[in-house]
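Student: here is a sequence together with a model predicted from it:
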Amino acid sequence: MKRGASETVQPCTLSGIPLESHYGSPAPGEYPYTRGIHAAMYRAKLWTMRQFSGFATPEETNARYRYLLAQGQSGLSVAFDLPTLMGCDPDDAAALGEVGKCGVSIASLADMETLFNGIPLDKVSVSMTINSPAPVLFAMYLAVAEKQGVAFDKLNGTLQNDILKEYIAQKEFLYPPRPSMRLVTDVVEYATRHVPKYNPISISGYHIREAGSTAVQELAFTLRDGIEYVEWALERGLAVDEFAPRLSFFFNAHSDFFEEIAKYRAARRIWAHVMRERFGAKDEKSWKLRFHTQTAGCSLTWQQPYNNVVRTTLQALAGVMGGTQSLHTNSLDEAYALPSEQAVTLALRTQQIIAHESGVAAVADPLGGSHYVEALTDEVERQALEYIRRIDEMGGMIPAVERNFPQAEIAEASYQYQKRVESGEQVIVGVNRNTQENEPKLEILKIDEEAEKAQVEKVVALRAWRDAARVEAALSALQAAAESHLNTMPLILDAVRVYATTGEICRTLGGVFGGWQERSVL
């Protein structure tokens, strides 16, 4: 959002909710939660420090998790490699050269058992960033819990499971939007019934922002995605207060410090009104928007990489002062590669210094009452609600996606931003101003090419020792469930238990649902 522009968005309403000035916002912990969802905020409990991590093989990632937990990290966040994200096994031709490169390779329950070896799942909160194959990886996680003797009602964490933002921004989709939404809803329904402490969906604006959106677009498209998920769950027959308290959100923390804080404050206020007024939620927990924050990966530069430490610190502080419930801080070397152990430790220490040395955790909403922040919150809210109104008029987010509306809006915003960078209007220190020669060299993490070979050998060996007849029967039952109106999660879980692979399960679903090819936004 460019403040001070000649064109302004007119005040609007959402389902009859009037907008007004909020300079006298209620206290933290009071509806509509502009100032935070808890009265004491970090004075009572710090945010969860959850560093996103995964690389190469499950064995290597397990070692990194143990290291991070020993360094004071309070939750795990699993990064999967591209083949896993796309529902491919390591020996698939499409996976060649990508296995373990941008995350950990998980092809079967055997890999998931290794990933969490020695990590008690009833003691550690686990977030998993996976979308199209989310039901499959969630089933593997549940099966590991069974093997550890951990009851499902003891598990806590978050599954990203946000397919709409894949069509809008990240493009890691497998099936058309409507059957994909069915799978998302299957997970929400199953978790509501059987895994009550686990968040079955993390509605993500992070990737929308990384694709080039403005702060307002990130907020608006993310919240409208959330509305879509609520509508589908209600159509499934779930009561809103059954599942809404377990919905969570995931936002970017970019470098415009005050704009980001205003974005988080506006998000809470809009969501509270939506849940209470639009959907009639009665449980206060349904009104409260809980969110994870990650600092902006797209803001990191390979030029003068140590500048990234400053950027990350500024962005993390915005997330904290905006009231986040958990936080990931990017490492200084991520413009080059996955983070090294030294870099990820410094990123974690950044959070710990903010928490324990800065003093910001001593006040629930340090900027509440600031004329600038309150006015900016109102402006962000107005513009976000205008986008939500337009998408409502299109019939919802799926028709909007099919028309390429959010995709085109983001493409234009990204284009305009790049023009400002190239003209020098948007200053990037070390890139288009204050440049220098002889950049410092970094020791970066290099993924051993043997990792791919090891994962291929493991999945080939797995197919040889498992019971092939049981796998075939489980996949056939899953296909029948997908062709009917049954919830697919119990059948996916059965397939995982007999060591059907990620690729086999995703191909089975694809045989029923088909694929998806989006139109160009041009």
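Tutor: Perfect, thanks for sending it.
Student: before we move on, what SS does residue 338 have?
Tutor: Applying DSSP: H, G, I helix; E, B strand; the rest coil to residue 338 yields a three-state assignment of coil.
Student: ok, it - contacts?
Tutor: 55, 102, 445, 447 (Cβ atoms under 8 Å, 6 or more residues apart in numbering). From N, CA and C alone the C-beta is placed, and that goes for glycine too.
Student: residues in contact with stretch 421-432?
Tutor: Outside stretch 421-432, the residues that touch it by Cβ under 8 Å, 6+ apart are 301, 303-304, 307, 417, 420, 433, 436.
Student: apply 7 Å and report the result again.
Tutor: 301, 303-304, 307, 417, 420, 433 (Cβ atoms under 7 Å, 6 or more residues apart in numbering).
Student: please indicate which of those are buried?
Tutor: Among the contacts of stretch 421-432, those that count as buried by neighbour count (16 or more other Cβ atoms under 10 Å) are 303, 307, 417.
Student: domain assignment for this protein?
Tutor: 41-423, 450-513 (automatic domain parsing).
Student: point out the most buried one among these.
Tutor: domain 41-423 (a mean of 21; mean count of other Cβ atoms under 10 Å).
Student: start and end of it, how far apart?
Tutor: 42 Å (Cα to Cα, to the nearest Å).
Student: now swap in stretch 231-246 and tell me
Tutor: Start-to-end, stretch 231-246 (Cα to Cα) is 15 Å.
Student: circling back: what is the nearest of the buried ones among the contacts of stretch 421-432 to residue 408?
Tutor: Nearest to residue 408 out of those is residue 417 (Cβ to Cβ; 15.0 Å).
Student: name the SS class of the closest one, please.
Tutor: Quick answer, by three-state DSSP: residue 417 is helix.
Student: got it, and residue 426?
Tutor: coil.
Student: pull the number of nearby residues for it.
Tutor: Counted with other Cβ atoms under 10 Å, the neighbours of residue 426 add up to 14.
Student: quickly note the distance from residue 247 to residue 132.
Tutor: Distance of residue 247 to residue 132, computed by Cβ to Cβ, to the nearest Å: 19 Å.
Student: and what of residue 387?
Tutor: Applying Cβ to Cβ to residue 387 and residue 132 gives a distance of 25 Å.
Student: what are the ranges of the strands in the stretch 151-300 of the chain?
Tutor: With DSSP state E, counting those that start in this stretch applied, the stretch 151-300 of the chain shows strands at 157-159, 198-199, 201-204, 247-253, 291-295, listed in chain order.
Student: so which of those gets nearest residue 377?
Tutor: Closest among the strands of the stretch 151-300 of the chain, using Cβ to Cβ: strand 247-253, at 14.5 Å.
Student: next SSE after the longest helix along the chain?
Tutor: In the chain, assigned by DSSP state H, the helix with the most residues is helix 371-394. Downstream of helix 371-394, the next assigned helix or strand under DSSP states H and E is helix 397-402.
Student: rewinding a little: now render the domains of the chain as CSV, adding mean pLDDT and distance to residue 32.
Tutor: Listed next are these as CSV, based on pLDDT from 0 to 100; distance: least, Cβ to Cβ, whole Å:
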stretch, mean pLDDT, distance to residue 32
domain 41-423, 96, 4
domain 450-513, 97, 33
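Student: closest one to residue 441 among those?
Tutor: domain 41-423 (9.6 Å).
Student: ok, residue 351 - contacts?
Tutor: 49, 316, 327, 329.
Student: quickly find the element holding it.
Tutor: Using DSSP H and E, residue 351 falls in helix 341-357.
Student: separation between residue 484 and residue 478?
Tutor: Distance from residue 484 to residue 478, counting by Cβ to Cβ: 11 Å.
Student: counting neighbours, what do you get for residue 35?
Tutor: 24.
Student: that one contacts residue 264, correct?
Tutor: No - Residue 35 is not in contact with residue 264 according to Cβ atoms under 7 Å; the separation is 10.6 Å.
Student: let me have the buried ones among the contacts of stretch 421-432 in TSV, extended by distance to residue 512.
Tutor: Shown next, in TSV, are those (distance: Cβ to Cβ, whole Å):
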residue	distance to residue 512
303	48
307	49
417	40
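Student: what segments of the stretch 201-350 of the chain are helices?
Tutor: 206-210, 215-236, 240-243, 257-273, 284-287, 307-321, 341-357 (DSSP state H, counting those that start in this stretch).
Student: which residue comes closest to residue 280 once chain neighbours are left out?
Tutor: Nearest residue to residue 280 in three dimensions, chain neighbours excluded: residue 240, at 6.7 Å (Cβ to Cβ, 6 or more residues apart in numbering).
Student: please list all residues in contact with that neighbour.
Tutor: The contact partners of residue 240, taken as Cβ under 7 Å, 6+ apart, are 230, 234, 279-281, 286.
Student: most widely separated two among those residues?
Tutor: 234 and 286 (12.1 Å).
Student: and the nearest residue to residue 153 once chain neighbours are set aside, how far from residue 151?
Tutor: Leaving aside its chain neighbours, residue 153 sits nearest to residue 196 (5.7 Å; criterion: Cβ to Cβ, 6+ apart). Distance of residue 196 to residue 151, computed by Cβ to Cβ: 11 Å.
Student: likewise residue 134?
Tutor: As judged by Cβ to Cβ, residue 134 and residue 151 stand 22 Å apart.
Student: check which element follows the helix or strand harbouring residue 458 along the chain.
Tutor: According to DSSP H and E, residue 458 maps onto helix 450-465. Per DSSP H and E, the first helix or strand lying C-terminal to helix 450-465 is helix 468-483.
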